[in-house]
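1. below are the sequence and a predicted model; questions follow.
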Amino acid sequence: MRGRDAAVAQRSIAVRMAGWSARHPWRGLAVWLAFVVLSLGVGSMLGTHSATADDHRTGEAGRAETMAAQGHLDLEPVEQVLISARSGPLDRAAADAAVRDITARMHKLPEVKRVAPAVRSADGGTLRVEVTLHGTEADADDHVAPLAAQTEAAQRSYPGLRVEETGSPSISRGVDTQRGDDLALSEAITLPITLLTLLAVFGSVVMVAVPVLLALTSIAAAVGLSMIASHVVPDVGVGMNIIILIGMAVGVDYTLFYLKREREERARSGGRLGPEALVELAAATSGRAVVVSGFAVIVSTATLFLATDVIFSSLATCTIVVVLAAVLSSLTALPALLVTLGRRAERRAARREAKGRRSRPPKGDAEAGRIWTALLRPASKHPLITLCVSVLLMLGLAAPALGMQLRVLNKDSHSREIPALQAYDRLVAAYPELRIQHQVVVQAAPGDAGQVAGALKEVERKTERDPLYAKGVKPTVRVSADRRTHALYLAVPHKLSSPEALASLDHLRKDYLPSTVGKIDGARFAVTGDVPHDTDYLAHQDEKLPLVVGMLLLLTFVLTALAFRSLVLGLIGVVLNLLSAAAAFGLVVVFFQYGLASTLFGVDPAATNAIGSRVPLFLFVILFGLSMDYQVFVVSRIREAALAGVPTRQAVLQGTVTSAKVVTSAAVVMVTVFASFTLLHLAEMKQIGFSLAVAVLLDAFVIRVMILPAALTLLGGATWWPSRGMRRAQERAAPAGNSPVSVLTSL
């Protein structure tokens, strides 16, 4: 009873909001625009609070970083300036002059803490100058620009040499610049294709402008809201990507659902109802579906907070605020716009009638209805065969996901179009010992400093005999001023995600440290660095995965069951969403892990061979939320027909056909938006965009056209169990000899 009251209250809120906007359209638009401006204004005043190194600390690596910070032994931000020949042997005299020039230039910069003497590579073909900046590594990318400017000036002075700069700060700056360029490219691709798709659906430039404008203003509001929210959940730098990715998709989706229903009610009324009444009728049906769908996306996305990870929390926050903005725009600005356009259409119709012209009926709906009825015929005529074949197809697509390999996508997987990464590749080729550094941090009483130093010497001896560690490189030891904290730096000459790098960490953590430092009473020790951080991050995700997925499945079941008063539909919703997500995972493995994307589309091989560690969990949550869009809209139409007395088997066909065109149009828009992200350089965004695009395609054309209709047709009246209201509606219709006209005839 409580669930029913809540649903009625939810419906009433949607209808009341739409009714007020419909009666006061200019006020409704003013309220929405004021909300957008206020969100942007407050957000701009507060600014974005970006995540710090403290926010990213996880597991043992995080503990090591905390101990190092307490002893003021944080990793210092370091840039490397490389000097090499463009071709042939290195001109020693010119190279030495370039070293002196670079050293003098860097010493003059206030950002620079010290400049080390030049180091020649083993083959003598490269010189490097190590430049240490003030501050911490986390904020160094904001201060690296002056160093880059001096390096470029030195390059101009020595055109016969290659003078270049690399390091974590400059790589981070290059990735950020590339991400900004990618966003501009994505917008340039997405917007025209979205406009063309909507023009094909509505055949009117004015009607095309409505969903696009609402989506863009929703994105603008979400940008401001995300800035405000970043002071509670720090932003990790990909917020704009997610806001545009999700905002454009759901913003257009929700508007399409509303517009479709308003058009249907207008055609059904035959001019007997005014724009205000039509909008309220649309709000009572599609408006409620938008609220339910948006609420489902928000609730499912909120499960990412259970991962207790700043990156997932930031992604969840940006998704939630943009979906919330899209729902609000569809319940305030959209009704106002529809009434305004409706009144305009009435005036045009009146002028045509005065001139003796007839209004042109909408084109294409009858033809679209016949096409979709034909497509749905296998599910309605042979439901069992259709269900089995479709499910087997989805399971076949999902099978490769069993071999999915996850890794944290790091500098080895970033695009090589970034100059700092090109320099990094040359750096580690010439100086392989600089590829990886394990940092061992030990905390103990000041009186035990001698014991700690001796134990760390023993660790050095053990690693010298281990072929996994760099040879001929003297390990560095730093000690805090109070002698409580020691830090040992060990070089490893292997790629970050290689088995050798992981094995070197395993030896250190499980053997070398327990047998040395571990024997000192009261001593605390931990290992950090790029490899430990990635390893601990994956372990943290694996630990949280069952909680997030379990809660997501439970919430999806509960929300669907409450929305449609059916436990059966709740279970079906979970199973279908699992099928859609699993098939998307299988395809992303085939294309990115197996390298098919590189072969077919020329995707940078650096973005392939493994799946980003954050991709599956983020996709799983977002796909469950987005799948609810189609689930709610299609099943709402089926349920509506069944409540009107149409037998369930016929209601399935009728509801699916009447919603098919708008679902297809929405899917095309979503696929366009998501697919455009495969053109970005960031490997994780490529994989997320591709996965979302194929999942939406499968959801719209296999799940909603084949599997869902076939399953509901087989279940018949059992679909609605245990809904008493549906049972009474069907029983009332049966004695009255209710024989609905077939959908094909009515269309």
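-> All right, it came through fine. Numbering: from 1, shown residues only.

2. how close does residue 51 sit to residue 168?
-> Computed as Cβ to Cβ, to the nearest Å, the residue 51 to residue 168 distance reads 16 Å. For glycine as for every other residue, the C-beta is placed from the backbone atoms N, C-alpha and C.

3. does the most centrally placed residue in the chain lie in a helix or a strand, and which?
-> Geometric centre of the chain, nearest residue: residue 242, 5.3 Å, by Cα atoms, centre = their mean. Assigned by DSSP states H and E, residue 242 belongs to helix 239-269.

4. mind listing what residue 726 touches?
-> Shown in contact with residue 726 (Cβ atoms under 8 Å, 6 or more residues apart in numbering): 565, 566, 639, 642, 643, 720.

5. farthest pair in those residues?
-> Greatest spacing in these, by Cβ to Cβ: 566 and 643 (12.2 Å).

6. okay, these two: which has more neighbours?
-> Counted by other Cβ atoms under 10 Å, residue 566 and residue 643 do not tie: residue 566 has more neighbours, with 22 against 17.

7. residue contacts, that one?
-> Residue 566 makes contacts with 560, 719, 720, 721, 722, 723, 726, as judged by Cβ under 8 Å, 6+ apart.

8. turn those into JSON lines, columns for secondary structure.
-> Converted to JSON lines, the contacts of residue 566 look like this (DSSP: H, G, I helix; E, B strand; the rest coil):
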{"residue": "560", "secondary structure": "helix"}
{"residue": "719", "secondary structure": "helix"}
{"residue": "720", "secondary structure": "helix"}
{"residue": "721", "secondary structure": "coil"}
{"residue": "722", "secondary structure": "coil"}
{"residue": "723", "secondary structure": "coil"}
{"residue": "726", "secondary structure": "helix"}
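
9. state the distance from the closest residue to residue 214 other than its chain neighbours to residue 228.
-> Spatial nearest neighbour of residue 214, chain neighbours left out: residue 329 (4.7 Å); criterion: Cβ to Cβ, 6 or more residues apart in numbering. For residue 329, the distance to residue 228 (Cβ to Cβ) stands at 18 Å.

10. among the contacts of residue 566, which one lies nearest to residue 268?
-> Using Cβ to Cβ, the contacts of residue 566 come closest to residue 268 at residue 726, 23.1 Å.

11. of the contacts of residue 566, select the buried ones using a PyMOL command.
-> If you want just the buried ones from the contacts of residue 566 in PyMOL, going by 16 or more other Cβ atoms under 10 Å, the selection is:
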select buried, resi 560+719+720+723+726
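
12. any idea which of the contacts of residue 566 is closest to residue 390?
-> For the contacts of residue 566, the nearest to residue 390 is residue 719 (17.6 Å; Cβ to Cβ).

13. these two touch, right, the closest one and residue 565?
-> No: applying Cβ atoms under 8 Å, one finds residue 719 not in contact with residue 565, separated by 11.0 Å.

14. pLDDT averaged over stretch 597-617 - what is it?
-> Averaged over stretch 597-617, pLDDT sits at 70.

15. now the terminal residues of it, how far apart.
-> 21 Å (Cα to Cα, to the nearest Å).

16. neighbours of residue 175, just the number please.
-> The burial count for residue 175: 20, using other Cβ under 10 Å.

17. residue contacts, it?
-> Contacts here follow Cβ under 8 Å, 6+ apart; on that basis residue 175 touches 414, 418, 682.

18. ok, 10 Å please
-> Going by Cβ atoms under 10 Å, 6 or more residues apart in numbering, residue 175 touches 141, 237, 411, 414, 415, 418, 420, 421, 681, 682.

19. so what does it look like in phi/psi?
-> When quoted as degrees, to the nearest 10, the phi and psi of residue 175 stand at phi -60, psi -40.

20. over to the one 4 residues further on?
-> Backbone torsions of residue 179, given as degrees, to the nearest 10, read phi -60, psi -40.

21. how close does it get to residue 681?
-> For residue 179, the distance to residue 681 equals 8 Å [Cβ to Cβ].

22. can you give me the domain assignment for the protein?
-> According to automatic domain parsing, the chain comprises the domains 1-46+204-352, 59-69+427-535, 78-173.

23. tell me which of those domains is the most buried.
-> Ranked by mean neighbour count, the domains of the chain are led by domain 1-46+204-352 with a mean of 21 (mean count of other Cβ atoms under 10 Å).

24. where in the stretch 601-747 of the chain is pLDDT low?
-> Along the stretch 601-747 of the chain, the model assigns pLDDT under 70 to residues 601-608, 730-747.

25. thank you, goodbye.
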